[in-house]
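J.: With the input below, show me the fold.
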Amino acid sequence: MDYGTLLADWRRYLSPSLDLTIALRGFHFGRYGNTMKLEEHGFRPFHLGYETLIRGYEYSSFETRECSVTPESGCIELDRLFGHRLTVVNLEVRVPLTGTSRYGLIDIPYLPVELVGFADGGLAWDGDRPATLEFSTASLGRIPVFSAGLSTRSSLFGVLVLEIYFAYPFQRPVKGWHYPSLSLPPSLVTGATRSVSQALRGACAVVPAGASSVEQHDPSPPRPQTVTESPARPMSSAVPPWLPNLITGIRIALVLVFLVVAEAERAAATTGAGGRAAGLGALAVFLAIGLSDLADGWVARRFGLQSQSGAILDAFADKLAQVVVLAYLTLSTGPPFTSIPMWLLLVVVARDLLLGGSWLVTALQGRPVRVIHRPHGKIASTLLFFLLLGVLAGLGPGLVTPWAVVVAAVVIGSTVQYGREGWSRLNPPGA
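T.: Presented below is the predicted three-dimensional model:
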């Protein structure tokens, strides 16, 4: 029997600031040959649902109620994850909550903890299992699968990487959001584990903190020095300099708490067990997210702790909270929350992709990344915040849609204005 194996693994790491890393991976592994003969000789197809490939599709998490029967499969939702050829793409946005004094919001090098926002996608197929390239949540064919969510990741004693994640698998609409799942991704050879070990030995390797499903073999590359810090200002000795960033890190963690609480309340309301208090827990957590946004900015200004890296981290936390809560209230239909129109989610995500893309272009050009808050941007964020707050408080569909129209109009106008300012900076007059 003759067959060939192809392995391709591409990775890229971008660090617009010391407290923010964007990790990208493209991965393909496949057997090429007669698939029937491969299986006759005991070669089983690969499984796409391992947490190190795509989170939210673990084999053991599937339930009978999710399965759709087709002429070719007794459960197409599960069978589409098997094939002799796998292609995977991963995107992670990482913030080191604890770590060394230089690469963590809090200086605790013995227990590095990383907060991660992720998006995964992949496809399993082979010669006898052809696939169709389309994005669908209701297809009964072999199509790509995607997931997105949040996770926390920690290195235990420089030997083992522990990850707890909360994922939404888009091609499993019956399942919906996963409650936090525990995984132990391969970590003995990851760059993250090596960097933690070096930190424990007193070395200061310039690598992103934490391990990742995006990092399986190679250590993370050095962080480019692309961020210009604000000039030193007098600070109160009673306030640690990392306090604003700690508050921002708590806000990021509260986003994960919101998903857990909101999903629990939605499940209770669906079964009629929520009572009159349904939705109040999610509302309280969202209010805490908003208050933490005010608190970190006030502490930084009051005690002279502003920095450009802190501003970048704060902007990331704001966008993360807005998009995750908006996506949840858009995709998770049913009581106790009124659904938000899908087009508003698309407008907000498009804005953040454009702004995030401009940051990446600036960083790749070797220019300092600066976050400048404009009045139109603050107005757009405030209107969106109160829309989400209203929906969580029980705002009806008759008011949600008109308010969403206003928010979308302001967001589009703000995005156009930011685009003009960015273009003028990249192409100054006379350049």
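
J.: Give the phi and psi angles for residue 141, as a check.
T.: Main-chain torsions, residue 141, degrees, to the nearest 10: phi -110, psi -180.

J.: That one and residue 126, how far apart?
T.: 15 Å (CB to CB, to the nearest Å). Every residue, glycine included, has its C-beta placed from N, CA and C.

J.: Compare these two and say which one has the larger neighbour count.
T.: residue 126 (21 against 14; other CB atoms under 10 Å).

J.: quick one: that one and residue 34 touch, right?
T.: No: counting by CB atoms under 8 Å, residue 126 sits too far from residue 34 to count as a contact (10.2 Å).

J.: anything in contact with each of the two?
T.: Common neighbours of residue 126 and residue 34, using CB atoms under 8 Å, 6 or more residues apart in numbering, do not exist here.

J.: Residue 170 - how many residues pack around it?
T.: Residue 170 has 17 neighbours, counted by other CB under 10 Å.

J.: so what's it up against?
T.: Per CB under 8 Å, 6+ apart, neighbours of residue 170: 135, 137, 145-148.

J.: Try it again at 10 Å.
T.: 56, 121, 135-137, 144-148, 331 (CB atoms under 10 Å, 6 or more residues apart in numbering).

J.: And residue 399, by the same measure?
T.: 338, 387, 390-391.

J.: Can you tell me which of those residues comes closest to residue 397?
T.: residue 338 (5.2 Å; CB to CB).

J.: Helices along the stretch 51-200 of the chain, start to end?
T.: Counting by DSSP state H, counting those that start in this stretch, one finds helices in the stretch 51-200 of the chain at the ranges 76-79, 191-200.

J.: that older thread, make TSV out of the contacts of residue 399 and add distance to residue 17 and secondary structure.
T.: Listed next are the contacts of residue 399 as TSV, based on distance: CB to CB, whole Å; DSSP: H, G, I helix; E, B strand; the rest coil:
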residue	distance to residue 17	secondary structure
338	37	coil
387	29	helix
390	33	helix
391	32	helix
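
J.: Lowest-confidence entry in those?
T.: When the contacts of residue 399 are compared on pLDDT, residue 338 comes out lowest, with 84.

J.: That one: how many residues sit nearby?
T.: Neighbours of residue 338 (other CB under 10 Å): 19.

J.: For stretch 353-361, what does the pLDDT average out to?
T.: 76.

J.: Hmm, I typed the wrong one, I wanted stretch 408-416.
T.: 88.

J.: same thing with stretch 18-28?
T.: 89.

J.: And for stretch 38-49?
T.: Rounded mean pLDDT across stretch 38-49 is 85.

J.: Ok, stretch 301-312 next?
T.: For stretch 301-312, the per-residue pLDDT averages 77.

J.: hang on, the earlier thing: out of the contacts of residue 170, which are inside strands?
T.: 121, 145-148 (DSSP state E).

J.: Pick the one among those residues closest to residue 412.
T.: In terms of CB to CB, no member of those lies closer to residue 412 than residue 148, at 23.5 Å.

J.: Quick check: closest non-adjacent residue to that closest one.
T.: Leaving aside its chain neighbours, residue 148 sits nearest to residue 119 (4.5 Å; criterion: CB to CB, 6 or more residues apart in numbering).

J.: Any idea how many residues pack against that neighbour?
T.: 15.

J.: Could you do residue 124 as well?
T.: Applying other CB under 10 Å, I find that residue 124 has 27 neighbouring residues.

J.: Now do the same contact list for the residue nearest to it when sequence neighbours are not counted.
T.: Nearest non-adjacent residue to residue 124, counting by CB to CB, 6+ apart: residue 83, 3.4 Å away. The contact partners of residue 83, by CB under 10 Å, 6+ apart, come to 30-31, 35, 45-48, 123-131, 142.

J.: And residue 83, what's its pLDDT?
T.: 90.

J.: what sits opposite it in the beta ladder?
T.: Beta-bridge pairing of residue 83 under DSSP bridges involves residue 46.

J.: Tell me the helix or strand right after the lowest-mean-pLDDT helix or strand in the chain.
T.: In the chain, the helix or strand scored least confidently by mean pLDDT, DSSP states H and E is helix 191-200, which has a mean of 35. Using DSSP states H and E, the next helix or strand after helix 191-200 towards the C-terminus is helix 243-270.

J.: Can you give me the buried ones in that following helix?
T.: 243-263, 265-266, 268-269 (16 or more other CB atoms under 10 Å).

J.: which other helices and strands contact that helix?
T.: Helices and strands touching helix 243-270, as assessed by 3 or more CB pairs under 10 Å, 6 or more residues apart in numbering; DSSP states H and E, comprise strand 85-99, strand 106-107, strand 113-125, strand 145-156, strand 160-169, helix 280-302, helix 308-331, helix 375-392.

J.: do that again at 7 Å, thanks
T.: Where contact means 3 or more CB pairs under 7 Å, 6 or more residues apart in numbering; DSSP states H and E, helix 243-270 is packed against strand 85-99, strand 113-125, strand 160-169, helix 280-302, helix 308-331.

J.: what mean pLDDT does that helix have?
T.: 85.

J.: and the angle for the helix ranked longest in the chain with helix 308-331?
T.: What stands out as the longest helix in the chain, according to DSSP state H, is helix 397-426. Per axes from the mean of the first three to the mean of the last three CA atoms, to 10 degrees, the angle that helix 397-426 makes with helix 308-331 is 150 degrees.

J.: and helix 397-426, how far from the chain's centre?
T.: 23 Å (CA atoms, centre = their mean, to the nearest Å).
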